[in-house]
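just a sequence and a predicted model for now, questions to come.
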Protein chains: 4
Amino acid sequence: MITIVVGTNRNDATSEIIAQHYYNILQSKQVDSEIVYLKDLPQDFVVSALYENEGKNPVFNAIREKVLNAEKIIFIVPEYNGSFPGVLKAFIDGMPYPNAFMDKKIALVGLSAGIQGGALALSHLSDIFSYLNAHVLGYKVKLIQIEKNMQNEQITNKFYLQLIDNQIEKFISF
Amino acid sequence: MITIVVGTNRNDATSEIIAQHYYNILQSKQVDSEIVYLKDLPQDFVVSALYENEGKNPVFNAIREKVLNAEKIIFIVPEYNGSFPGVLKAFIDGMPYPNAFMDKKIALVGLSAGIQGGALALSHLSDIFSYLNAHVLGYKVKLIQIEKNMQNEQITNKFYLQLIDNQIEKFISF
Amino acid sequence: MITIVVGTNRNDATSEIIAQHYYNILQSKQVDSEIVYLKDLPQDFVVSALYENEGKNPVFNAIREKVLNAEKIIFIVPEYNGSFPGVLKAFIDGMPYPNAFMDKKIALVGLSAGIQGGALALSHLSDIFSYLNAHVLGYKVKLIQIEKNMQNEQITNKFYLQLIDNQIEKFISF
Amino acid sequence: MITIVVGTNRNDATSEIIAQHYYNILQSKQVDSEIVYLKDLPQDFVVSALYENEGKNPVFNAIREKVLNAEKIIFIVPEYNGSFPGVLKAFIDGMPYPNAFMDKKIALVGLSAGIQGGALALSHLSDIFSYLNAHVLGYKVKLIQIEKNMQNEQITNKFYLQLIDNQIEKFISF
């Protein structure tokens, strides 16, 4: 069982398509998976679900439980301002500390309109997950100029499809 | 005129005290400054103030304007999960792209209960501000074990006071 | 079989003692290991052993082979100028590209006289090993103020001993 | 006066051409500059010029002096294994500690055959220079797929030429 997190709360068709692609490939390899959408978080979660209010917001809790119960997680990370979306980090900040990610296995996928493919986003996230004692798969997928490599809600770049397949294979046995 | 941003929306007495300390020192050097508190952001700003709703939330806009109009900004950054608070990045994600921080001068202050002092938080933020073509003062202040070095809402560690004074001097002439 | 690399060519008693400590603990757990010392590299290896001269220097080759043949490697990394020693990166640059570290398992140990414990050094190395498709154990050991926590060539800080033991346990089953 | 450092000791035509291009543009703007080549370092400098032998190697010292005396330095950084060349860090490690780069102004230029343009290399170097209290210009130039964008020892990509010109303008007034 692998949990796939769409790492933005924006209505971001592209990240969702990539997540769905991972889901489909996993299914074709007989691996169960589930997609978690940060856009399902309560609109006020950066206040209502954190800190002194911790645990009191049932919508937040339901999403949090899915990630808490996962052993392997794939994060789909669109590049925002040269790093990951703030809302993804705010979600991580809302998880129970310090053991929420302890010894979990993580795979990272970056995507960008530009040419960086979230390289720094994935580097920053790797630091954070290492701090939380999770293990990040070395093989990261960076999908640059993503819009140019998609058509009709499908990835058209065969090299990207191969990278993703390689990553999934490695992650299954990680 | 220097703008000081308290980089968390939590009721975080410590970050606010550090911000006030910077304010006081700047005032003693005849430099005007203003403190911006992320806790004043609307509770739903990660949805209401971003993306398709951009510019429609007057409370968010008022805070955003203060940062937009600043030429020099000091960020007070408590360490959350080995990096900066997600809410700080979400705030940056809500600024107009790509010119909100162009050529601005930035100074960074990290603080932590533990021994890292936000070292990685400040590294990650430096990447983000460089991506946005802002210039980060090389001299960063990292205040480790901050609670042990404060008393009665004052910084008691003389070395910390000296680091802060050095940074402010350098930032004024940066 | 685990290979331990002393990540400096300096006569650095401390890094060597830490490497020997890892060796001893591994032995007590019935795991074979071997220590590789970068100080054994030829003095001119940044020229003679790299690039157009690749493979022609037998002393360099012997050390290179040990790392090439390893499946699991622990790097002992003293902090130099806020990152890893340049000579360690130069050694990595002298390895065959791009497959020298592919799918290897890596554990990282930082040490410093100061209070950073090589936090950024280990972050930078994690980026490099991820680029080379190696997998870095999330659990990293950062030994700050190392001289104050050693006596008679032994680590005296019990918390450090526990961190190291935890890391080794996790690495054996990684 | 601006010092330009070719950040590799390899016979790397491309980095040298980029350095020469910066030199020419600076000259056209009536700014004196000088190119320092790491390939002029003594072959054994990672031993002979460092640590206990510090200061005894006159060839190393001559190069070191040029960098020590500079107030503004541009580093041309080819990407090696996802970061900067080890030899560049080894050179930095051979500079007097801790004041060699204090308050100097630094501009960073990355180049790569691949699509990363040294993004992580420049991030890592920024951490190092910040640690050493130097100030890195926020505006960094990343030249991806450099061979495809050069012909007859000239940069042919007009966008690259514009980026470089922008950076130089900003650096002159930094």
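Cool, the structure landed.

name the helices or strands packed onto the helix or strand containing A:Asp127?
For A:Asp127, the host element (DSSP states H and E) is helix A:119-131. With contacts defined as 3 or more C-beta pairs under 8 Å, 6 or more residues apart in numbering or on different chains; DSSP states H and E, the packing partners of helix A:119-131 are strand A:72-78, strand A:105-111, strand A:135-136, helix B:119-131, helix C:119-131, helix D:119-131. Any C-beta I mention is one placed from the backbone N, CA and C, and that applies to glycine too.

now those in a markdown table, with distance to C:Asn157 and mean pLDDT?
Shown next, in a markdown table, are the helices and strands packed on helix A:119-131 (distance: least, C-beta to C-beta, whole Å; pLDDT from 0 to 100):
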| stretch | distance to C:Asn157 | mean pLDDT |
| --- | --- | --- |
| strand A:72-78 | 34 | 98 |
| strand A:105-111 | 30 | 98 |
| strand A:135-136 | 26 | 98 |
| helix B:119-131 | 21 | 98 |
| helix C:119-131 | 18 | 98 |
| helix D:119-131 | 24 | 98 |
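
measure how the helix holding A:Asp127 sits relative to strand C:105-111, angle-wise.
Put simply, helix A:119-131 runs at 80 degrees to strand C:105-111, going by axes from the mean of the first three to the mean of the last three C-alpha atoms, to 10 degrees.

A:Leu108: neighbour count?
26 (other C-beta atoms under 10 Å in any protein chain shown).

report whether the helix or strand of chain A with the lowest mean pLDDT contacts chain B.
In chain A, no helix or strand scores lower on mean pLDDT, DSSP states H and E than helix A:45-48, which sits at a mean of 87. Yes. Applying C-beta under 8 Å from any C-beta of the partner chain, one finds helix A:45-48 touching chain B at A:45-48.

residue of chain A closest to chain D, please.
Using C-beta to the nearest C-beta, A:Ala119 is the residue of chain A that sits closest to chain D, at 5.1 Å.

state the helix or strand in which A:Leu68 lies.
Using DSSP H and E, A:Leu68 falls in helix A:58-69.

report how many residues lie close to the spatially closest residue to the residue of chain A closest to chain D that is not a sequence neighbour.
The spatially closest residue to A:Ala119, leaving aside those adjacent along the chain, is D:Ala119, at 5.1 Å (C-beta to C-beta, 6 or more residues apart in numbering or on different chains). D:Ala119 has 26 neighbours, counted by other C-beta under 10 Å.

can I assume D:Ala119 is in contact with A:Ala121?
No. Judged on C-beta atoms under 8 Å, D:Ala119 makes no contact with A:Ala121 at a distance of 10.8 Å.

what parts of chain A come near chain B?
So chain A meets chain B at A:9-11, A:43-48, A:50-52, A:80-93, A:97, A:120, A:124, A:127-128, A:130-132 (C-beta under 8 Å from any C-beta).

not counting its own residues, what contacts stretch A:159-166?
Here stretch A:159-166 makes contact (C-beta atoms under 8 Å, 6 or more residues apart in numbering or on different chains) with A:21-22, A:25, A:109, A:139, A:141, A:143, A:149, A:155.

run the chain-centre distance for that stretch.
17 Å (C-alpha atoms, centre = their mean, to the nearest Å).

buried residues in it, which are they?
Residues of stretch A:159-166 classed as buried by neighbour count (16 or more other C-beta atoms under 10 Å in any protein chain shown): A:160, A:163-164.

any idea of the mean pLDDT in the strand or helix carrying A:Leu26?
Secondary structure from DSSP H and E places A:Leu26 in helix A:13-28. In this model, helix A:13-28 has an average pLDDT of 97.

distance from the chain centre to that helix, please.
Centroid separation for helix A:13-28 versus its chain: 11 Å, with C-alpha atoms, centre = their mean.

who wins for neighbours among the contacts of stretch A:159-166?
Result: A:Val109 is most packed of these (other C-beta under 10 Å), 26 neighbours.

wait, it touches A:Lys140, no?
Yes. With contact defined as C-beta under 8 Å, A:Val109 reaches A:Lys140; the gap is 7.3 Å.

can you tell me which residue is nearest the centre of chain A?
By C-alpha atoms, centre = their mean, the mean C-alpha position of chain A lies nearest to A:Phe75, the distance being 1.6 Å.

beta-bridge partners for that residue, please?
Beta-bridge pairing for A:Phe75 (DSSP bridges): A:Val5, A:Leu108.

OK, contacts around it?
Applying C-beta under 8 Å, 6+ apart, the residues contacting A:Phe75 are A:5, A:7, A:88, A:106-109, A:125.

what is the mean pLDDT for the helix holding A:Leu68?
Averaged over helix A:58-69, pLDDT sits at 94.

do stretch A:88-98 as well
Here the average pLDDT along stretch A:88-98 is 93.

return only those of the contacts of stretch A:159-166 found close to chain C.
Among those, chain C is touched by A:Tyr139 when using C-beta under 8 Å from any C-beta.

chain C: which of the contacts of stretch A:159-166 is nearest?
A:Tyr139 (5.1 Å).

would it be right to say that that closest one lies in a helix?
No. Judged by DSSP: H, G, I helix; E, B strand; the rest coil, A:Tyr139 forms no part of a helix; its state is coil.

checking the residue of chain A positioned farthest from its centre next. Helix, strand or coil?
The centre of chain A is farthest from one residue, A:Glu52, which by C-alpha atoms, centre = their mean lies 26.3 Å away. Three-state call for A:Glu52 (three-state DSSP): helix.

OK, contacts around it?
When contacts are counted by C-beta under 8 Å, 6+ apart, A:Glu52 touches B:Asn11.

do you know the pLDDT at it?
Reported pLDDT for A:Glu52: 71.

tell me which strands and helices the helix or strand that comes right after the helix holding A:Leu26 is in contact with?
Sequence order places strand A:33-37 as the next helix or strand after helix A:13-28, per DSSP H and E. The helices and strands touching strand A:33-37, judged by 3+ C-beta pairs under 8 Å, 6+ apart, are strand A:2-6, helix A:13-28, helix A:58-69.

and the ones you listed: which comes nearest C:Gln30?
Between C:Gln30 and the helices and strands packed on strand A:33-37, the shortest gap by C-beta to C-beta is with strand A:2-6, which sits at 33.7 Å.

now do that closest one against strand A:72-78, angle only.
Using the same axes, to 10 degrees: strand A:2-6 against strand A:72-78 is 20 degrees.

does anything pack onto strand A:2-6? Which helices or strands?
In terms of contacts (3+ C-beta pairs under 8 Å, 6+ apart), strand A:2-6 is packed against helix A:13-28, strand A:33-37, helix A:58-69, strand A:72-78.

kindly recompute the last result at 6 Å.
With contacts taken as 3 or more C-beta pairs under 6 Å, 6 or more residues apart in numbering or on different chains; DSSP states H and E, strand A:2-6 sits against helix A:13-28, strand A:33-37, strand A:72-78.

returning to what we had before: the residue nearest to the centre of chain A and chain C, how far apart?
From A:Phe75 across to chain C, the span is 14 Å (C-beta to the nearest C-beta, to the nearest Å).

same deal with A:Val59?
A:Val59 is 29 Å from chain C, by C-beta to the nearest C-beta.

give me the neighbour count for the spatially closest residue to that residue that is not a sequence neighbour.
In this structure, A:Val59 finds its nearest non-sequential neighbour in A:Pro42, 4.8 Å apart by C-beta to C-beta, 6+ apart. Using other C-beta under 10 Å, A:Pro42 is surrounded by 18 other residues.
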